[in-house]
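Colleague: with the sequence up front, the predicted model follows.
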Amino acid sequence: MRGKGDRSMIVMKFGGSSLESAAAVERVAGIVRAALARKPVVVVSAMGSTTQQLLAMGEAAAAGKRAGALDKLRALREMHEHEIGSLLPSSCHGEVGKILDCHFCEMTDLLGKISAAGEFLPEFVDDFSSYGERLSSRLIALAFRRFGMDSVHVDARCVILTDTRHMAATPLYSQTYARVRDKILPLASQDKIPIVGGFIGATESGVTTTLGRGGSDFSAAIIGAGIAAEEIQIWTDVDGMMTCDPKVVPEARRVKTISFAEAAELAYFGAKVLHPSTLLPAMEKNIPVVVLNSRRPDVAGTRIVAEAVPCSNVIKAISCKRGIYIVNIRSTRMLMSHGFLHRIFEIFSRAETAVDMLASSEVSVSLTIDNPARLAEICRALREFAEVSVEEDQAIVCIVGDNLRHTPGVAARAFGALQEINIRMISQGASLLNLGFVVTARDAERSVKLLHREFFRDADPAVFD
Ligand code: ASP
Ligand code: MG
């Protein structure tokens, strides 16, 4: 099987909160050690909230607050030095210091360039924010070696090849898979543990790119698909995918098994556990994805699999995505005419803005977007032939499950549960896996609570914990 991948390997991805401190890194080392027989490839996020902090520093430098940004950069260095340093004997501190010196020196220079440009341009965003994973992957590889584990750092930018779309790059799959196999399989066959930074990649000409916030999950799936792994594990700080956000409903249950199709709907419509693109490469190569909690490694987590998961409940989970805008487009010219939707979609497409939900009548179309960056330009173009109004602060609440497609009366139950809520838009996706409601953000929590009470009064013990 070598060369084409090896079904006896696994990918283990650890998120920022699983790496936020010395104790957390030590826990992760224990989890990896316990899995050595399965030949793990380890993908790491930046430590703790590093990415968030780097983005804030970049913004500050661009806004003329370079001194403040440099103070924060020093504090970030101290965090890395302190957490990793305290795991290692003092004989290793020189090595840690060298890695930190060289990266933080480059980052200081880069802040200078950002501040001179007066603008945090997308290529700067990617270059600067990539340092979180560049550092964590090197430092964790070093720490693992000191714990007696044979780990090797692999620079993700030599493996994940992407297009040039900064901050949301897409991998060039066939080249990337070839590189994953070339760089990673030989290490695994020598029983080494490859440690790769998530989130980052590079274009063919070597410019650093990122896959978007939360993109380390996606990196793990790409690498897993490239080596045809047996399983892709996403280690995070929750017990898995839940029937809904446990902060909203404390009785939310863990979903033990769910299909790719269902999990993809949930990830796209707001469940924060997985980056929405993660499942695509895994689905294509039919590799199960398992979501696990690094603080409670004995909990079985959520297993995401290709087959449908039989369940006596109609739905598997409820998601909620906030920060939604409704765009209402109305034109009497639409009456009996054709090509109207085409014209509308062309405008959204030109503005590279994705439409989530859509409802139309003979003279009006309402749709939702979650990215308002180019909304003004979109409205201007639409107003050339239609009346346009925008409603901010909306939320999409979705109920998701395979059984939706063949269970009569689900809509009636959902509407019954939501009878006191003002529902703005409804959509039963073409996938038939998902029934979505747009409500004002103010009503979102209440809607989730009501739906949870309606659909999970009795939860199938084979599927929910
Ligand atoms: N560190 C990146 C972020 O915070 C990527 C990731 O953690 O998945 O967005
Ligand atoms: Mg994440």
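Modeller: Received, thanks. Predicted model, so just to flag it, every value in this text is computed and none were measured. Numbers count the residues shown, from 1 in each chain. Ligands and ions are numbered 1, 2, ... in the order given.

Colleague: show me what from the stretch 1-150 of the chain comes close to ligand 2.
Modeller: Residues of the stretch 1-150 of the chain found near ligand 2 (Cβ under 5 Å from the ion) are residue 15. The C-beta positions use only the backbone N, C-alpha and C, and glycine is treated the same way.

Colleague: the strands in the stretch 1-150 of the chain, which residues?
Modeller: Under the criterion DSSP state E, counting those that start in this stretch, the stretch 1-150 of the chain contains strands at 10-14, 40-44.

Colleague: mind putting these in CSV, mean pLDDT and mean neighbour count included?
Modeller: CSV is the format used below for these (pLDDT from 0 to 100; neighbours: other Cβ atoms under 10 Å):
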stretch, mean pLDDT, mean neighbour count
strand 10-14, 98, 27
strand 40-44, 98, 29
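
Colleague: residues of stretch 249-264 that come out buried?
Modeller: 249, 252-264 (16 or more other Cβ atoms under 10 Å).

Colleague: actually, stretch 414-421.
Modeller: In terms of neighbour count (16+ other Cβ under 10 Å), stretch 414-421 has its buried residues at 414, 417, 418, 421.

Colleague: quick one, what contacts the closest residue to ligand 2 within the chain?
Modeller: In the chain, the residue that lies nearest ligand 2 is residue 214 (4.2 Å; Cβ to the ion). Applying Cβ atoms under 8 Å, 6 or more residues apart in numbering to residue 214 gives the contacts 272, 275.

Colleague: which among the buried residues of stretch 249-264 gets closest to residue 146?
Modeller: Checking the buried residues of stretch 249-264 against residue 146 by Cβ to Cβ gives residue 254 as the nearest, at 34.8 Å.

Colleague: the closest one contacts residue 302, correct?
Modeller: Yes. With contact defined as Cβ atoms under 8 Å, residue 254 reaches residue 302; the gap is 6.7 Å.

Colleague: could you tell me which residues touch both of those two?
Modeller: In terms of Cβ under 8 Å, 6+ apart, residue 254 and residue 302 are both contacted by the residues 240, 241.

Colleague: helices along the stretch 201-350 of the chain, start to end?
Modeller: Per DSSP state H, counting those that start in this stretch, the stretch 201-350 of the chain carries helices over the ranges 216-226, 260-268, 279-284, 340-350.

Colleague: TSV for these, including mean pLDDT?
Modeller: Shown next, in TSV, are the helices of the stretch 201-350 of the chain (pLDDT from 0 to 100):
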stretch	mean pLDDT
helix 216-226	97
helix 260-268	89
helix 279-284	94
helix 340-350	92
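
Colleague: can you say which of those helices is packed in most?
Modeller: Among the helices of the stretch 201-350 of the chain, helix 216-226 has the highest mean neighbour count (mean count of other Cβ atoms under 10 Å), at a mean of 29.

Colleague: what packs against that one?
Modeller: Packed against helix 216-226 by the contact rule (3 or more Cβ pairs under 8 Å, 6 or more residues apart in numbering; DSSP states H and E) you find strand 10-14, strand 40-44, helix 173-189, strand 193-197, strand 231-236, helix 279-284.

Colleague: kindly recompute the last result at 7 Å.
Modeller: strand 10-14, strand 40-44, helix 173-189, strand 231-236, helix 279-284 (3 or more Cβ pairs under 7 Å, 6 or more residues apart in numbering; DSSP states H and E).

Colleague: and the fourth one, average pLDDT?
Modeller: It refers to strand 231-236. For strand 231-236, mean pLDDT is 97.

Colleague: the third one too?
Modeller: Averaging pLDDT along helix 173-189 yields 96.

Colleague: and what of stretch 127-147?
Modeller: On average, stretch 127-147 scores 97.

Colleague: so what touches that stretch?
Modeller: Residues outside stretch 127-147 that contact it (Cβ atoms under 7 Å, 6 or more residues apart in numbering): 19, 25, 29, 44-47, 50-51, 54-55, 58, 80, 84, 87-88, 92, 95-96, 99, 103, 107, 110, 114, 151-153, 156, 193, 195-200, 208, 210.

Colleague: can you select the buried ones from those residues in ChimeraX?
Modeller: A single ChimeraX command selects the buried members of the contacts of stretch 127-147 (16+ other Cβ under 10 Å):
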select :19,25,29,44,45,46,47,50,51,54,55,58,80,84,87,88,92,96,99,103,107,110,114,151,152,153,156,193,195,196,197,198,199,200,208,210
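
Colleague: quick revisit: now distance to residue 161 too, for the helices of the stretch 201-350 of the chain, in JSON lines please.
Modeller: Output for the helices of the stretch 201-350 of the chain, formatted as JSON lines (distance: least, Cβ to Cβ, whole Å):
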{"stretch": "helix 216-226", "distance to residue 161": "10"}
{"stretch": "helix 260-268", "distance to residue 161": "24"}
{"stretch": "helix 279-284", "distance to residue 161": "14"}
{"stretch": "helix 340-350", "distance to residue 161": "26"}
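
Colleague: now the ones you listed as a markdown table including distance to ligand 2?
Modeller: Output for the helices of the stretch 201-350 of the chain, formatted as a markdown table (distance: least, Cβ to the ion, whole Å):
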| stretch | distance to ligand 2 |
| --- | --- |
| helix 216-226 | 6 |
| helix 260-268 | 11 |
| helix 279-284 | 14 |
| helix 340-350 | 27 |
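
Colleague: residue 236 is nearest to which of those helices?
Modeller: Closest approach to residue 236 among those (Cβ to Cβ): helix 216-226, 8.8 Å.

Colleague: and the spatially most central residue of the chain, what is it in contact with?
Modeller: The chain has residue 275 as the residue nearest its centroid, 1.9 Å off, counting by Cα atoms, centre = their mean. Residue 275 makes contact with 214, 215, 217, 218, according to Cβ under 7 Å, 6+ apart.
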